[in-house]
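Participant: Sequence and predicted structure below; questions after.
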Amino acid sequence: VLMSDVLYHEGQYDSLLTALRVLATSKGSRRLRVLWAQELHHPELCQRLQHQLCTEGWKVKLLTSIDDGFGQALCIFRLRPAQHAQGGSRARRAP
């Protein structure tokens, strides 16, 4: 699954978390990998989602973070549901 810029406002948080939970419990989720590209207009929302996913056993890894040229960080994460997480659920946080 590829997600891009899906978390801009507080109102999107619950829907995104619900969608990820549904994907994680769907048939075939053992092979589920999510790549998430997010421009950090509201880094606190991104950090909150990362923390919640880790609490639920997801493996969250920051693959890269670069400046978008306008002063915002653009981050790419890899997410894997709980059944894939090995060695704990530590997250490397976005800047």
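Facilitator: Everything's here; your move.
Participant: ok, the closest residue to Ala37 other than its chain neighbours - contacts?
Facilitator: Leaving aside its chain neighbours, Ala37 sits nearest to Ser4 (4.6 Å; criterion: CB to CB, 6 or more residues apart in numbering). (Glycine included, C-beta is placed from N, CA and C.) Ser4 is in contact with 36-38, counting by CB atoms under 8 Å, 6 or more residues apart in numbering.
Participant: Please pick the buried ones from these.
Facilitator: Burial by neighbour count, judged by 16 or more other CB atoms under 10 Å, picks out 36, 38 from the contacts of Ser4.
Participant: C-terminal to the helix or strand where Val22 lies, what's the next element?
Facilitator: Taking DSSP states H and E as the definition, Val22 sits inside helix 10-25. Going down the chain from helix 10-25, the next helix or strand is strand 34-39, by DSSP H and E.
Participant: Note down every partner strand of that following strand and its orientation.
Facilitator: strand 2-4 (parallel), strand 73-80 (antiparallel) (DSSP bridges).
Participant: For the first one, what is the distance to the chain centroid?
Facilitator: The gap between where strand 2-4 is centred and where its chain is centred comes out at 10 Å by CA atoms, centre = their mean, to the nearest Å.
Participant: And for the longest one?
Facilitator: Taking CA atoms, centre = their mean, one finds the center of strand 73-80 at 6 Å from the center of the full chain.
Participant: in that strand, what counts as buried?
Facilitator: Within strand 73-80, the residues scored as buried using 16+ other CB under 10 Å are 73-77, 79-80.
Participant: and what of stretch 47-57?
Facilitator: 49-50, 53-54.
Participant: ok, now stretch 10-18?
Facilitator: Neighbour counts over stretch 10-18 (16+ other CB under 10 Å) mark 13, 17 as buried.
Participant: that older thread, which one of the contacts of Ser4 sits closest to Trp58?
Facilitator: Trp36 (11.2 Å; CB to CB).
Participant: residues in contact with that closest one?
Facilitator: Contacts of Trp36 by CB under 8 Å, 6+ apart are 3-4, 6, 76-79.
Participant: Please consider this matter closed, and thank you.
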